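Peer 1: With the input below, show me the fold.
(chains A and B)
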Protein chains: 2
Amino acid sequence: MRKVSIAGVGSTRFGRHDGIPVDELAAAAGRSAIIDAGVEPERVGALYLGNFVGGMLTGQEILAGLAGEAMGLSGIPCTKVEGACASGGIAFRHAYLAVASGMTDVALALGVEKMTHATNPQITEALNSAMDNRADAPSGLTFPGVFGMAWRRHADRYGTDREQVSAVVIKNKRNGLSNPLAQMGAELRFDEVRNAKPIADPLRLYDCCPTSDGAAAVVVMAQEAVPARDRAIDILASVQSSGSARVAGHPDLCSFDATVRAARQAFGETGLGPQDIDFVELHDCFSIAEIIDCEDLGVVPRGQGGGWAIEGRTAVGGDMPINPSGGLLAKGHPVGATGLGQVYEAVSQLRAEHPNQVPGARFGLTHNLGGTGVACTVSLLARPDA
Amino acid sequence: MRKVSIAGVGSTRFGRHDGIPVDELAAAAGRSAIIDAGVEPERVGALYLGNFVGGMLTGQEILAGLAGEAMGLSGIPCTKVEGACASGGIAFRHAYLAVASGMTDVALALGVEKMTHATNPQITEALNSAMDNRADAPSGLTFPGVFGMAWRRHADRYGTDREQVSAVVIKNKRNGLSNPLAQMGAELRFDEVRNAKPIADPLRLYDCCPTSDGAAAVVVMAQEAVPARDRAIDILASVQSSGSARVAGHPDLCSFDATVRAARQAFGETGLGPQDIDFVELHDCFSIAEIIDCEDLGVVPRGQGGGWAIEGRTAVGGDMPINPSGGLLAKGHPVGATGLGQVYEAVSQLRAEHPNQVPGARFGLTHNLGGTGVACTVSLLARPDA
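Peer 2: Reported below is the predicted structural model:
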């Protein structure tokens, strides 16, 4: 396996994109990434597209081929990959593998989702296709319910309280305010978070990421082939794992073993440890998810995710900045695009161009989680001089 | 890239599978393949699952993770890939790449689809997600319409007549009769084919593959790691390409350039030519598709697909046996499973165990085509002593 870098990134704003078809949205992000990379489109030898519910919500499959055709890339292998909310991370990993293995010198990873046009029942039904429907749907469970249960479990075991969980919301919403790509940044007080509309107790409205449209893209290249090496970001590891799709398959909803496994493997492959990481973009689909994820990744000690949040240790300038982009809570969660949006944000940080810059950031970690922990990707990215 | 073999294959019967969930159907084929390979399940390091309309017709995504969990493979990367009717071939290619690149020594490719439970309008709507809906849906076009137009074009250009096209149906339906996995083998006379219910003129009922449930699986291994080398089949090439998703993107519906490109690359990589191929399993979703495909692959001269069919040159015992399995027309077309079903059939041939054995078969070609030619895979397989 040879060394691989990110040569360029692109992203649409996350939010509402009325009137633009889903494949065109993906292509818009892809074109930006190719321009950012400074490569000729003809050099792209493989395209991977992460998408989750294009079939159910837009009636359109073959999105990899369509986006490729829209970008003038017809002919090359164009593959849609799906692993629920981790679809974007999986697309990134496969673009990485295509280059690392020598199959091509340049690969394009795209992620896209269009959801805001659909009704709430349609969206809930589509999202529920990410759970094991035989095991968990008969009870009427939806994902807010899963993470509501996780919150109760975490509170019971570690004493995590609402003020701590709300601190995650307040931080991420504030980070989102200065991110031009974010859908719903906000300056929120604790009482506003606490008194918002209940969704699935104890989760309230701002504890849940919004429904979003959006696309993000990354151009991955063999390290020796990158045209502008000073702007390239190195991929040290890109790991994918799986775990049980069922609630009952997890002995403890305070942890998703797919995350633990992926993080352990990524650190193992690189010789890096959590102490080397300067910032994390992780999968905060719900406020409590950030607390679970950061503990699973090992960047915050087990049981202390809530404490670190309320003490400001996960803010920019803290011990371990988490989701300086605003995360899914503020930036939005166009499902198939999210994992690539995280890479976009990490690249901006490592180029020292981020609106919420972590000073001197050299190593970043991205974490994308699907369903009830059924699929996970973790990537470690680095400044070329790191 | 290191040398890769197929160590084991498995398949359910294609047809109706009431009462068994889609992920369990995939797992059933997967378990057979693992037993056939004689490997410990713990050695499987990656799982790829081809599926097309699981979301739209069964409301269940994350099928790769679910099938992996059902087989006790949780933990490893489990990835669903989608490229319309080529999804199974794409899964096979990615299992191949995972092993060829050294990522793992053993990979499992699964393909699955459940369709027969749905209503005809639901099935038609789901299948139409494989076309560019902005370009081609407003006219009311469906896939029988696309291939009906292709037939007229081929007839106009090459003089292909109904008797020739029907010869494809009669051959494949007859081949299917002796294939225990086939859904709809039959002994048909020309007048029965001609007088069947019209579907999309000139296509009649038997010119169209049936709606099917089914799953197929292939265990791919590093050549040096295969336990039973005498039963292993070598993968000489596994190529994926793309083409336009729109009717208007094809200058000529008598040819799909994704097939031409993939075949050319597969032959180029191996130094083999059409004259070396002992049999072909190709994508006969409609009778006319077999004629177009065999010409695009170069195994039958351009414009002579119809002539070769009626002269018996594509029957077992002829110059170039095509679809000795019965093909999609007789075996059925559980979309995501089809590409892996083709590999299953080719492996049976190369092991000299096929119910319609091509005597002395050493080299086989499989061809899987998605949508209006938007995605294609071509693989070249060989007996280890070839």
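Peer 1: which residues of chain A fall in helices?
Peer 2: All helices of chain A, identified by DSSP state H, fall at A:22-37, A:54-58, A:63-70, A:87-100, A:120-128, A:133-136, A:143-158, A:162-177, A:190-194, A:257-270, A:287-297, A:305-310, A:327-331, A:335-350.
Peer 1: Make TSV out of these and add mean neighbour count.
Peer 2: In short, each C-beta sits where N, CA and C put it, glycine included. Shown next, in TSV, are the helices of chain A (neighbours: other CB atoms under 10 Å in any protein chain shown):
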stretch	mean neighbour count
helix A:22-37	24
helix A:54-58	24
helix A:63-70	29
helix A:87-100	30
helix A:120-128	16
helix A:133-136	18
helix A:143-158	20
helix A:162-177	24
helix A:190-194	16
helix A:257-270	21
helix A:287-297	28
helix A:305-310	24
helix A:327-331	32
helix A:335-350	30
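Peer 1: gap between the residue nearest the centre of chain A and chain B?
Peer 2: Central residue check for chain A by CA atoms, centre = their mean: the C-alpha nearest the mean position is that of A:G339, 3.2 Å away. With distances taken as CB to the nearest CB, to the nearest Å, A:G339 is found 13 Å from chain B.
Peer 1: now A:G249
Peer 2: 7 Å.
Peer 1: What number of residues are in the vicinity of that residue?
Peer 2: 17 (other CB atoms under 10 Å in any protein chain shown).
Peer 1: so what's it up against?
Peer 2: A:132, A:135, A:243, A:372, B:69, B:74 (CB atoms under 8 Å, 6 or more residues apart in numbering or on different chains).
Peer 1: Can you read off the pLDDT for it?
Peer 2: pLDDT recorded at A:G249 is 96.
Peer 1: Over to A:M184?
Peer 2: A:M184 is assigned 97 on the pLDDT scale.
Peer 1: in the stretch 201-350 of chain A, what residue is nearest chain B?
Peer 2: A:Q240 (3.8 Å; CB to the nearest CB).
Peer 1: Test my guess that that residue contacts A:S379.
Peer 2: No: taking contacts as CB atoms under 8 Å, A:Q240 lies outside contact range of A:S379: 9.6 Å.
Peer 1: okay, and the common contacts of the two?
Peer 2: Among the neighbours of A:Q240, those also in contact with A:S379 (CB under 8 Å, 6+ apart) are A:89, A:93.
Peer 1: Show the contacting residues for the spatially closest residue to A:A352 that is not a sequence neighbour.
Peer 2: Closest residue to A:A352 in three dimensions, ignoring its sequence neighbours and counting by CB to CB, 6 or more residues apart in numbering or on different chains: A:A361, at 7.2 Å. When contacts are counted by CB under 8 Å, 6+ apart, A:A361 touches A:278-279, A:349-350, A:352, A:383.
Peer 1: So which of those residues is the closest to B:E345?
Peer 2: Nearest to B:E345 among these is A:L350, at 49.1 Å by CB to CB.
Peer 1: In contact with the closest one: list those residues for me.
Peer 2: A:233, A:361-362, A:364, A:381-383.
Peer 1: Just the C-alpha atoms of stretch A:215-224, please, in PDB.
Peer 2: Extracted in PDB, the C-alpha atoms of stretch A:215-224 (Å, rounded to 0.1, in the frame of the first residue of the first chain):
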ATOM      1  CA  ALA A 215     -22.900  17.300  -0.700                       C
ATOM      2  CA  ALA A 216     -19.200  17.100   0.000                       C
ATOM      3  CA  ALA A 217     -16.300  15.700  -2.000                       C
ATOM      4  CA  VAL A 218     -12.600  14.800  -1.600                       C
ATOM      5  CA  VAL A 219     -10.000  14.200  -4.200                       C
ATOM      6  CA  VAL A 220      -7.600  11.500  -3.000                       C
ATOM      7  CA  MET A 221      -4.200  11.100  -4.700                       C
ATOM      8  CA  ALA A 222      -1.000   9.100  -4.600                       C
ATOM      9  CA  GLN A 223       1.300  11.300  -2.400                       C
ATOM     10  CA  GLU A 224       4.000  11.500  -5.100                       C
END
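Peer 1: What are the buried residues along it?
Peer 2: Across stretch A:215-224, burial judged by 16 or more other CB atoms under 10 Å in any protein chain shown covers A:215-223.
Peer 1: So which of the residues you listed sit within strands?
Peer 2: A:215-222 (DSSP state E).
Peer 1: Pass me the low-pLDDT residue ranges in chain A, would you?
Peer 2: In the predicted model of chain A, no residue satisfies pLDDT under 70.
Peer 1: and the closest residue to A:V22 other than its chain neighbours, what is it in contact with?
Peer 2: Distances taken as CB to CB, 6+ apart place A:K114 nearest to A:V22, at 4.4 Å, with adjacent residues excluded. By CB under 8 Å, 6+ apart, the residues touching A:K114 are A:17, A:21-22, A:25, A:54, A:57-58, A:213, A:334.
Peer 1: next one: A:R174
Peer 2: With CB under 8 Å, 6+ apart, A:R174 has these contacts: A:185-188, A:330.
Peer 1: Of these, select the buried ones using a PyMOL command.
Peer 2: Only the buried entries of these go into this PyMOL selection, using 16+ other CB under 10 Å:
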select buried, chain A and resi 185+186+188+330
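Peer 1: The residue in the stretch 251-386 of chain A that chain B sits nearest to: neighbour count?
Peer 2: Nearest residue of the stretch 251-386 of chain A to chain B: A:V374, at 3.9 Å (CB to the nearest CB). Residues lying near A:V374 (other CB under 10 Å) number 32.
Peer 1: ok, so what distance separates A:Y48 from A:A98?
Peer 2: 7 Å (CB to CB, to the nearest Å).
Peer 1: again, but for A:G370
Peer 2: A:G370 is 21 Å from A:A98, by CB to CB.
Peer 1: hang on, the earlier thing: what residues does the residue of the stretch 251-386 of chain A closest to chain B make contact with?
Peer 2: By CB under 8 Å, 6+ apart, the contact set of A:V374 is A:83-84, A:130, A:132, A:242-245, A:258, B:62, B:65-66, B:69, B:78.
Peer 1: What of A:G15?
Peer 2: A:116, A:183-184, A:212-214, A:332.
Peer 1: Please repeat the previous calculation with a cut-off of 7 Å.
Peer 2: Each residue near A:G15 by CB atoms under 7 Å, 6 or more residues apart in numbering or on different chains is listed here: A:183, A:212-214, A:332.
Peer 1: Distance of it relative to A:R31?
Peer 2: From A:G15 to A:R31 the distance is 19 Å (CB to CB).
Peer 1: Would you mind listing what in the stretch 1-150 of chain A touches chain B?
Peer 2: A:1, A:21, A:52-53, A:55-56, A:59-62, A:64-66, A:68-69, A:74-84, A:90, A:97, A:101-103, A:125, A:129-130, A:132-134 (CB under 7 Å from any CB of the partner chain).
Peer 1: re the thing from before, narrow the contacts of A:G15 to those in strands?
Peer 2: Among the contacts of A:G15, the members found in strands (DSSP E) are A:G214.
Peer 1: ok so, going back, let me know whether the residue nearest to the centre of chain A touches A:F92 as I believe.
Peer 2: Yes: counting by CB atoms under 7 Å, A:G339 touches A:F92, with 6.0 Å between them.
Peer 1: Which residues are in contact with each of the two?
Peer 2: Going by CB under 7 Å, 6+ apart, no residue sits against A:G339 while also sitting against A:F92.
Peer 1: where's A:R31 relative to A:G373, distance?
Peer 2: Here the distance between A:R31 and A:G373 works out to 34 Å (CB to CB).
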